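Peer 1: Pasting a predicted model and its sequence here:
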Amino acid sequence: MAGIRMQGIVKTFGKTTAIKEISLEVKDGEFLVLLGPSGCGKTTLLRCIAGLETVDAGRIFIGDRDVTDLPPRHRNIAMVFQSYAVFPHMTVRSNIGFGLRMKRVPKPQLERRVQEGAALLALEPFLDRYPAQLSGGQRQRVAVARALVMDAPVLLMDEPLSNLDALLRLQARADLKRLHREVKRTTVYVTHDQVEAMSMGDRIAVMREGVIEQCEPPMQLYTNPASQFVGGFIGSPPMNFLRGRTKAGAFEGEGFSLPMDGSRVEDGRELLLGIRAEQIRFGERGVPARVQVVEPLGATALVTVLVGKVPVKVDAPVNTTVRPDQNVSLAFEPADIRWMDATTGAALAH
């Protein structure tokens, strides 16, 4: 097994800096998710770890080895791509064993490892089938099995579930999480899907424009986002934000005023009030709002209200009595509010 250590990684493409001095450590056996919108640099960073991109500055260590200048085949890693890249002319058995054959692993050992990989991914009934005879989820499992049997201590995965439909993704997420618990490989997993990241990662590194905004366990990111960007990217629905300014120990927004409960913030400062949908309740007194839409979701209802002109999402009981065009008041506990600077988006210290 081996951890990964990145020190001051910089990667440019022409005049564009894709990675801006990232330093990050992935613990031995950890499942780390690189999460962010398209173009934030997450796949580029993964390719730098793999050796598929050369870095312009910084060092990369896998275990105790400096692998910065080594080609991919000498880094002792396995990789699963978004496209699966299974060979259509080979059976499942041959696809899983392809990398082992390239390494000239003796046939008895190769067959044993292929059988073990197939068992881990429940592929034993399909070993003699071709990819065209498999579903998308089964082809994805073949690609994962092929990576696992290489027995590399580091597994890199680049959006491996993005080509699956919603139900298959749900099952595949559970399969990958179980698999990681069983094989305990150091795993770096790239996705733009925050639900995927929250459900799978030991830690999530949220990336934006080539930098890591915050790297924490999922619930720490969810409850204590370090910035407006992280709060707005993590969570479904994302965190709500209301803009206002401080005045005499209160927060004054459009049509409302809230006491700030001892927060030492100077008067006249522009702030954002961040609050999660499930932390808002409809009360008799609070922030005035007008109901726009009520969406029953089975166990709960997602209610969209307008505070002034700002839409706010409220997670309400499915039997809620509020209706469109109704005037309501929003109440929330002071401890649930996340205060952020309106100019920089950075969270204020508690």
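Peer 2: Right, received. Where do you want to start? Numbering: from 1, shown residues only.
Peer 1: C-alpha from now on. contacts and neighbour counts both.
Peer 2: Fine.
Peer 1: Confidence-wise, which helix or strand of the chain is lowest on average?
Peer 2: Least confident helix or strand, the chain: helix 166-183 with a mean of 83, by mean pLDDT, DSSP states H and E.
Peer 1: who are the neighbours of it, in terms of helices and strands?
Peer 2: Packing partners of helix 166-183 (3 or more C-alpha pairs under 8 Å, 6 or more residues apart in numbering; DSSP states H and E): helix 194-200.
Peer 1: State the mean pLDDT of the next helix or strand after the helix it packs on.
Peer 2: Downstream of helix 194-200, the first helix or strand assigned by DSSP states H and E is strand 203-208. On average, the pLDDT along strand 203-208 is 97.
Peer 1: Quick check: chain neighbours aside, which residue is closest to Ile19?
Peer 2: In this structure, Ile19 finds its nearest non-sequential neighbour in Gly210, 4.2 Å apart by C-alpha to C-alpha, 6 or more residues apart in numbering.
Peer 1: that older thread, contacting residues around the least confident helix or strand of the chain?
Peer 2: Residues outside helix 166-183 that contact it (C-alpha atoms under 8 Å, 6 or more residues apart in numbering): 31, 120-121, 137, 161-162, 196, 199-200.
Peer 1: Val33 is in contact with Asp193, correct?
Peer 2: No. Contact between Asp193 and Val33 fails when scored by C-alpha atoms under 8 Å: they sit 10.3 Å apart.
Peer 1: These two - which one has more neighbours?
Peer 2: Ranked by neighbour count (other C-alpha atoms under 10 Å), Asp193 and Val33 place Val33 first, with 29 against 16.
Peer 1: which residues does that one bridge with?
Peer 2: On the basis of DSSP bridges, Val33 is bridged to Tyr189, Ile204.
Peer 1: How much space separates it from Glu182?
Peer 2: 18 Å (C-alpha to C-alpha, to the nearest Å).
Peer 1: so where's the stretch 101-250 of the chain uncertain?
Peer 2: By pLDDT under 70, the stretch 101-250 of the chain has no low-scoring segment.
Peer 1: Helices of that one, start to end?
Peer 2: With DSSP state H, counting those that start in this stretch, the ranges of helices along the stretch 101-250 of the chain come out as 107-120, 136-148, 166-183, 194-200, 218-223, 228-233.
Peer 1: what's the most buried one of those?
Peer 2: Greatest average neighbour count among the helices of the stretch 101-250 of the chain goes to helix 136-148 (a mean of 24), per mean count of other C-alpha atoms under 10 Å.
Peer 1: okay, the angle between it and helix 166-183?
Peer 2: 20 degrees (axes from the mean of the first three to the mean of the last three C-alpha atoms, to 10 degrees).
Peer 1: got the contact list for helix 136-148?
Peer 2: Contacts for helix 136-148 (C-alpha under 8 Å, 6+ apart): 78-80, 84-86, 92, 95-99, 117-118, 120-121, 123, 131, 155, 160-161, 163-164, 168, 172.
Peer 1: try stretch 97-112
Peer 2: Against stretch 97-112 from outside (C-alpha under 8 Å, 6+ apart): 114, 146, 149-150.
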